[in-house]
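A.B. asks: Let me see the structure of the following:
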Amino acid sequence: MSEPHPPHTHNPGPIEPQLRARTIALVGLMGVGKSSIGKRLAQTLDLPFRDADEEIERAAGRSISEIFADRGEAEFRAGERRVISRLLEEPPHILATGGGAFIQPETRERIRAGAISVWLRADLAVLARRISRKDTRPLVAGKDPLAVLRAQVETRYPIYAQADVTVETGETSHAVSLDMVLQALRRHLGITS
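C.D. replies: Take a look at the predicted model:
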């Protein structure tokens, strides 16, 4: 189980109430930092953090890899849709979604209706390095991570582009990525300093 608030000393200044009024859903390819940036964003905005993958595992009583192996991707996506729908009914929070969640039309519509969506983007070589360190990602198991990501870019980027906000994180530190997300959200919400 992940810690709710990672330690960090970054002070973004005063937080506008508009940033805390709706759930913020982070979308993007695996390894882009949805969970790590999401935890920092939650701490900064003093909102709860929810990781959709962790919530799915908790609801199913098994790991995502086991769900994929035993039930297949279609059953996983159905469970993911139910869990994300439930989470979007909660008071505002930061929601890290799985890489394929926003691709599913019904899930995407629910996110669009109940949250501000933020697409986190980073260079594929950076992502491939990050995801090759973990063996818990069923879509990459036994495959070349860069090849998997390239294939996903073809189908997913046009859909991720429908997110309310896009932030290119690159290989920046989490503190810099957090600042970039906050600035992009302020622009989206029309908040001027």
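
A.B. asks: Touching the least confident helix or strand in the chain by mean pLDDT from outside, list them.
C.D. replies: The helix or strand of the chain with the poorest confidence is helix 124-131; it has a mean of 84 (mean pLDDT, DSSP states H and E). With contact meaning C-beta atoms under 8 Å, 6 or more residues apart in numbering, helix 124-131 is reached by 29-32, 137, 140, 145-146, 149-150, 153, 170-171. Backbone N, C-alpha and C define where each C-beta goes, glycine included.

A.B. asks: what comes up buried for that helix?
C.D. replies: 124, 127-128, 130-131 (16 or more other C-beta atoms under 10 Å).

A.B. asks: in this protein, which ranges drop under the pLDDT threshold?
C.D. replies: Low-confidence segments of the chain, defined by pLDDT under 70: 1-13, 133-142, 193.

A.B. asks: Straight-line length of stretch 95-105, end to end?
C.D. replies: 18 Å (C-alpha to C-alpha, to the nearest Å).

A.B. asks: just curious, which of the buried residues of helix 124-131 is nearest to residue 43?
C.D. replies: Top of the list for closeness to residue 43, among those and by C-beta to C-beta, is residue 130 at 21.4 Å.

A.B. asks: just the angle between the strand ranked longest in the chain and helix 124-131, please?
C.D. replies: For the chain, the longest strand by residue count, based on DSSP state E, is strand 115-121. Angle, strand 115-121 to helix 124-131, by axes from the mean of the first three to the mean of the last three C-alpha atoms, to 10 degrees: 100 degrees.

A.B. asks: Rebuild the buried residues of helix 124-131 as a markdown table, extending it with distance to residue 101.
C.D. replies: As requested, those are exported to a markdown table (distance: C-beta to C-beta, whole Å):
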| residue | distance to residue 101 |
| --- | --- |
| 124 | 20 |
| 127 | 17 |
| 128 | 21 |
| 130 | 19 |
| 131 | 17 |
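
A.B. asks: that older thread, return the closest of the contacts of helix 124-131 with respect to residue 69.
C.D. replies: residue 137 (12.8 Å).

A.B. asks: hang on, the earlier thing: give the other helices and strands that the longest strand of the chain contacts.
C.D. replies: strand 23-27, strand 165-168, helix 174-189 (3 or more C-beta pairs under 8 Å, 6 or more residues apart in numbering; DSSP states H and E).

A.B. asks: Which one, of the ones you listed, ends up nearest to residue 50?
C.D. replies: Of the helices and strands packed on strand 115-121, nearest to residue 50 by C-beta to C-beta is strand 23-27, at 8.6 Å.

A.B. asks: ok, residues contacting the closest one?
C.D. replies: 34, 37-38, 41, 45, 47, 87-88, 90, 92-97, 101-102, 111, 114-120, 160, 163, 185.
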